[in-house]
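K.L.:
based on what follows, work out the 3D shape:
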Amino acid sequence: MLHVVYDFPDRILMYRSRSFQFVPLNRQIFSRINLPGGNNAPSSRDFQSVLRSLVSKICIEHPYHGLVQLITLSNGNNVGTGVSGRQASEYLDNVGASKVKATNDILKSIKKNGPSFVKDLVASYTMLIDAYISLAMEPTTRFVKGRKTKDIPLSLVKHGTSTGSLDKYLWTSSTNAPSCVPCVLTKPPQIRLGTDYGDGTEDPIGGERIASFDLTFSLADTGIHRPKISSCTGKKGGRFKQLVKGEDDIRQDAIMQQVFSTVNFLLGSQSASNESSSLHCRRLKMVTYTCVPLSPACGVLEWVIDTIPFGDYLGSMSRGK
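P.N.:
As a prediction, the model looks like this:
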C-alpha cells in the first residue's frame with residue numbers, strides 16, 4: 001500500500017483513500033517516517049511529504065490509534081542502559097536520529113494545527129507514556145533484596161530525571177488526572193469509519209478512558225528483568241491488569257500479535273463464506289493479547305487471565321501433573 005502512496009500524487013491519496021483504511025497498517029506505515037534523505041529513507045522528498053500528510057491525518061482523525069505509535073517513535077533514542085542484552089551505546093549506533101527528529105516535527109505540527117482535544121491528547125499520552133517508561137526502567141534490585149516484591153508504592157519510583165514520584169504522573173485519583181484523559185493502552189477502541197471518538201469528552205466505542213491507577217505495583221515472579229505488574233481502572237469501572245516490561249524490545253511481539261489477528265480475520269472470513277466448511281464447524285481462532293511498545297527498550301502488555309508461563313506448563317507435564 002505504501003508503494004501506491006509513493007507512486008501517486010498527494011491529491012490521489014487524499015481524495016481516493018480514507019484514513020481508516022490505513023489504520024491497521026500503522027506500524028508499517030509509521031516505520032517509514034524519516035527526514036528526506038535520512039537513514040534508509042526513500043530519497044524522494046515527495047514521498048516523505050505525502051507520508052507526513054497521511055500520518056498527520058491518521059493521528060488527527062483516529063487519535064487513539066495513531067498518537068501512541070507516533071510518540072513511541074519519538075522515543076527512539078530512549079533505551080536506558082540497554083535493550084535485550086545489548087548495551088545502550090551499541091544499540092544506538094544502529095538508530096537513526098533523523099527518524100526521531102522527523103517524528104517530533106510531525107508531533108509539533110499536530111499540536112499546532114490539530115483540533116484542541118487532539119492537542120490535549122498529545123500532552124496526556126506523552127505524560128502517560130513517560131510515566132510507564134519510568135516504571136518499566138526502574139531497577140528492581142532494591143525491592144528484591146528487601147524482599148518487597150508485592151504492593152510496592154508508586155511513590156517509591158521517581159519519574160525519569162525529575163524529583164517527583166511516579167504517583168503524581170500515573171494519576172491515582174480523578175483529581176490529578178489530565179484534562180483530556182487517554183484510553184487504557186491495552187484496550188484501544190474500535191476503528192470508527194466516521195472518526196467519531198467522542199472528542200475527548202466521553203469513552204470511544206469499544207474503548208475505555210483511564211479513571212485512575214492503583215497506588216501500588218508488584219514484580220513478576222519470573223523474567224530476566226522482573227517485569228512490573230500494574231493495574232488501572234477505567235471510566236466505566238473496568239479493571240485492567242498490565243505487564244510493564246523494561247530492557248526488552250517487544251516490538252516484534254506486537255508484530256506477531258498483528259499477524260495472529262490477521263489470521264483470525266482470514267479464518268473468520270473463510271468460515272462465514274462457507275458454513276459447511278470444517279473451519280465453520282470448528283470455530284478456529286487464535287487467542288491474542290495487546291502489546292504496546294513505548295520505546296525500543298520497554299512496553300506494556302495486556303495481562304492474560306487464567307494462564308501460566310509456558311515453561312511452568314512444560315515442567316508440570318514432565319512431572320505428570
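K.L.:
Ile210 is in contact with Thr172, correct?
P.N.:
No. With contact defined as Cβ atoms under 8 Å, Thr172 does not count as touching Ile210 (11.0 Å). Any C-beta I mention is one placed from the backbone N, CA and C, and that applies to glycine too.
K.L.:
the two: which is more packed in?
P.N.:
Shown here are Thr172 and Ile210; by other Cβ atoms under 10 Å, Ile210 has more neighbours (23 against 19).
K.L.:
doesn't the more buried one lie inside a strand?
P.N.:
Yes. Judged by DSSP: H, G, I helix; E, B strand; the rest coil, Ile210 forms part of a strand.
K.L.:
ok, it to Val292 distance?
P.N.:
13 Å (Cβ to Cβ, to the nearest Å).
K.L.:
avg pLDDT for the host helix or strand of Gln242?
P.N.:
Following DSSP states H and E, one finds Gln242 within strand 239-246. Mean pLDDT, computed over strand 239-246, is 95.
K.L.:
what's that strand in contact with?
P.N.:
80, 132-133, 135-138, 184-187, 208, 217, 220, 223, 225, 227-234, 297-303, 305 (Cβ atoms under 8 Å, 6 or more residues apart in numbering).
K.L.:
so which bits of the helix or strand that it is followed by are buried?
P.N.:
Going down the chain from strand 239-246, the next helix or strand is helix 251-273, by DSSP H and E. Across helix 251-273, burial judged by 16 or more other Cβ atoms under 10 Å covers Asp253, Ala254, Gln257, Gln258, Leu267, Ser271.
K.L.:
narrow the contacts of strand 239-246 to those in helices?
P.N.:
If you go by DSSP state H, those have Tyr132, Ile133, Leu135, Ala136, Met137 in helices.
K.L.:
which one of the residues you listed sits closest to Lys150?
P.N.:
Lowest distance from Lys150 to those (Cβ to Cβ) belongs to Leu135, with 15.5 Å.
K.L.:
ok, that closest one to Val157 distance?
P.N.:
Using Cβ to Cβ, one obtains 6 Å as the distance from Leu135 to Val157.
K.L.:
gap between stretch 246-262 and the chain center?
P.N.:
10 Å (Cα atoms, centre = their mean, to the nearest Å).
K.L.:
turn the ones in helices among the contacts of strand 239-246 into CSV, including pLDDT and neighbour count.
P.N.:
Shown next, in CSV, are the ones in helices among the contacts of strand 239-246 (pLDDT from 0 to 100; neighbours: other Cβ atoms under 10 Å):
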residue, pLDDT, neighbour count
Tyr132, 94, 25
Ile133, 93, 24
Leu135, 94, 22
Ala136, 93, 24
Met137, 91, 20
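K.L.:
pipe those residues into CSV and attach distance to Ser165 per row.
P.N.:
As requested, those are exported to CSV (distance: Cβ to Cβ, whole Å):
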residue, distance to Ser165
Tyr132, 15
Ile133, 15
Leu135, 11
Ala136, 16
Met137, 15
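K.L.:
so which of those is the closest to Thr262?
P.N.:
Distances from Thr262 to the ones in helices among the contacts of strand 239-246, taken by Cβ to Cβ, are shortest for Tyr132, at 26.7 Å.
K.L.:
tell me which element Tyr289 falls in.
P.N.:
Using DSSP H and E, Tyr289 falls outside every helix and strand.
K.L.:
wait, it sits on Gln257?
P.N.:
Yes. Between Tyr289 and Gln257 a contact is recorded at 6.7 Å, counting by Cβ under 8 Å.
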